[in-house]
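> Below are the sequence and a predicted model for it; my questions follow.
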Amino acid sequence: MSTDAEAVVLVGGKGVRLRPLTLSAPKPMLPTAGVPFLSHLLSRLRAIGVRHVVLGTSYKAEVFAEHFGDGSELGLDLEYVVEEEPLDTAGAIRNVADRLSAPDVLVFNGDILSGVDLGALLAAHRADAADVTLHLVRVDDPRRFGCVPTDADGRVTAFLEKTDDPPVDQINAGCYVFRREVIDAIPAGRPVSVERETFPGLLAGGSRVAGFVDSSYWLDMGTPAAFVRGSADLVRGVVPSAALPGEPGEALLLPGAEVAADAVARGGSTVGAGCTVEAGAHVDGSTLFDGARVGADAVVERSVLGAGAVVGPGAVLRDVVVGDGATIGAGCELLDGLRVWPGVELPPGGVRFSAD
């Protein structure tokens with residue numbers, strides 16, 4: 001299967017909301033269900049026949065090329081364009097225009113986990129002869145987002161700011177299909193917002209801006225809680241991914257991971273390479289980066305342990321992030337969004353810590 005469409009993935013953000021995890025790696029490169037998060041999207045592009053993908057990078061740009069290279073191992077042709085100064089979404093798209101040649105270009109925000117049918121999205125764009133097609137996802141609570149209403153013909157009519165009384169439940173899902181000519185028309189060399197400038201300008205000029213509306217799985221992976229949930233959903237197969245290094249199930253154990261016979265790993269947990277989960281420990285809905293260790297009878301729920309992090313015996317962690325190489329002393333209790341920076345050592349002794 002092949003298509004004459006190309007793809008652009010915007011991966012230049014610093015991932016501030018995910019610190020300390022993103023101190024050592026860009027957000028799209030964080031281990032997510034056993035592989036860098038970006039791998040899941042790249043596998044989906046490969047599946048619909050896209051071969052040429054351009055990554056718009058900035059923060060720790062070298063990490064992407066070091067891992068993925070030219071993309072040949074994935075069956076892709078990958079290129080990298082570094083954004084020297086922040087250009088906003090449309091500006092970042094325009095910044096890679098000279099690497100594109102196909103008539104249609106799929107564009108993605110690199111921190112979204114989605115179950116949208118990309119083949120159907122591209123087909124709808126072409127059938128509508130649209131200038132731009134936006135993936136719009138229906139959400140239960142649209143008050144946290146700007147809304148994007150559409151008319152009876154599926155054309156986008158406006159881009160509305162956040163409000164306590166949104167008129168529709170459709171939001172911009174961070175995935176688009178552009179005609180190449182639209183990308184070329186974006187002003188070059190300066191920041192440009194798709195939602196505040198590009199899309200409203202297209203509407204005002206009479207261009208066809210279409211909405212592809214569905215209720216597929218959609219998650220902004222920008223916070224620790226969302227990151228943990230997204231990884232767990234990938235492991236459990238809630239969001240299918242050809243990049244998952246194993247069969248979907250309650251837990252994904254990577255090579256060299258050891259889970260004691262009477263320990264429990266469940267809820268879509270990932271136990272990274274070389275990790276150890278000792279006797280009586282419970283790991284539930286959590287992500288353990290390579291080399292992490294969970295001591296006997298410890299409890300780790302909905303949390304992330306960075307590479308080489310250590311959780312002492314009997315410790316309890318719920319909804320927390322532990323940075324690379326940090327140590328949580330025996331009997332400690334960490335709760336409610338607490339973040340432990342890399343290398344920090346919390347002493348044993350039953351101390352209770354909370355982000356509140």
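Nice, I can see it. Residues are numbered from 1 along each chain as shown.
> Could you check how far D233 is from M29?
Distance from D233 to M29, counting by CB to CB, to the nearest Å: 19 Å. C-beta coordinates here come from the backbone N, C-alpha and C atoms, glycine included.
> which one of the two has more residues nearby?
M29 (23 against 20; other CB atoms under 10 Å).
> Now the more buried one: closest residue in space, sequence neighbours ignored.
Spatial nearest neighbour of M29, chain neighbours left out: P36 (4.6 Å); criterion: CB to CB, 6 or more residues apart in numbering.
> Tell me how many other residues crowd that neighbour.
21.
> That one is in contact with K27, isn't it?
No: applying CB atoms under 8 Å as the test, P36 and K27 come out as separate, 9.9 Å apart.
> helix/strand/coil for L334?
At L334 the chain is in strand, as set by DSSP: H, G, I helix; E, B strand; the rest coil.
> Please name the bridge partners of it.
Beta-bridge pairing for L334 (DSSP bridges): L317, F353.
> any idea which helix or strand comes after the host helix or strand of V283?
Secondary structure assigned from DSSP states H and E places V283 in strand 282-284. Per DSSP H and E, the first helix or strand lying C-terminal to strand 282-284 is strand 287-288.
> What is that following strand packed up against?
When contacts are defined as 3 or more CB pairs under 8 Å, 6 or more residues apart in numbering; DSSP states H and E, strand 287-288 sits against helix 224-236, strand 269-271, strand 304-305.
> Direction included, what does the helix or strand just after that strand pair up with?
Counting by DSSP H and E, the element after strand 287-288 in chain order, helix or strand, is strand 293-294. Applying DSSP bridges, strand 293-294 is found paired with strand 276-277 (parallel), strand 310-311 (parallel).
> ok, and which of those has the densest surroundings?
strand 310-311 (a mean of 26; mean count of other CB atoms under 10 Å).
> And the residue nearest to M29, how far from F227?
For P36, the distance to F227 (CB to CB) stands at 13 Å.
> overlap in contacts of those two?
Each of L30 lies in contact with both P36 and F227 under the rule CB atoms under 8 Å, 6 or more residues apart in numbering.
> Walk me through the domains of the protein.
Split into domains by automatic domain parsing, the chain comes to 6-220, 250-354.
> Quick one: mean pLDDT for the longest one?
If you average the pLDDT over domain 6-220, you get 90.
> May I have the distance across it, first residue to last?
Length of domain 6-220, first residue to last, CA to CA, to the nearest Å: 23 Å.
> again, but for stretch 20-31
14 Å.
> centre of the chain versus that stretch, how much separation?
Relative to its parent chain, stretch 20-31 has a centroid offset of 11 Å by CA atoms, centre = their mean, to the nearest Å.
> Please point out which parts of that stretch sit buried.
P20, L21, T22, S24, A25, P26, K27, P28, M29, L30, P31 (16 or more other CB atoms under 10 Å).
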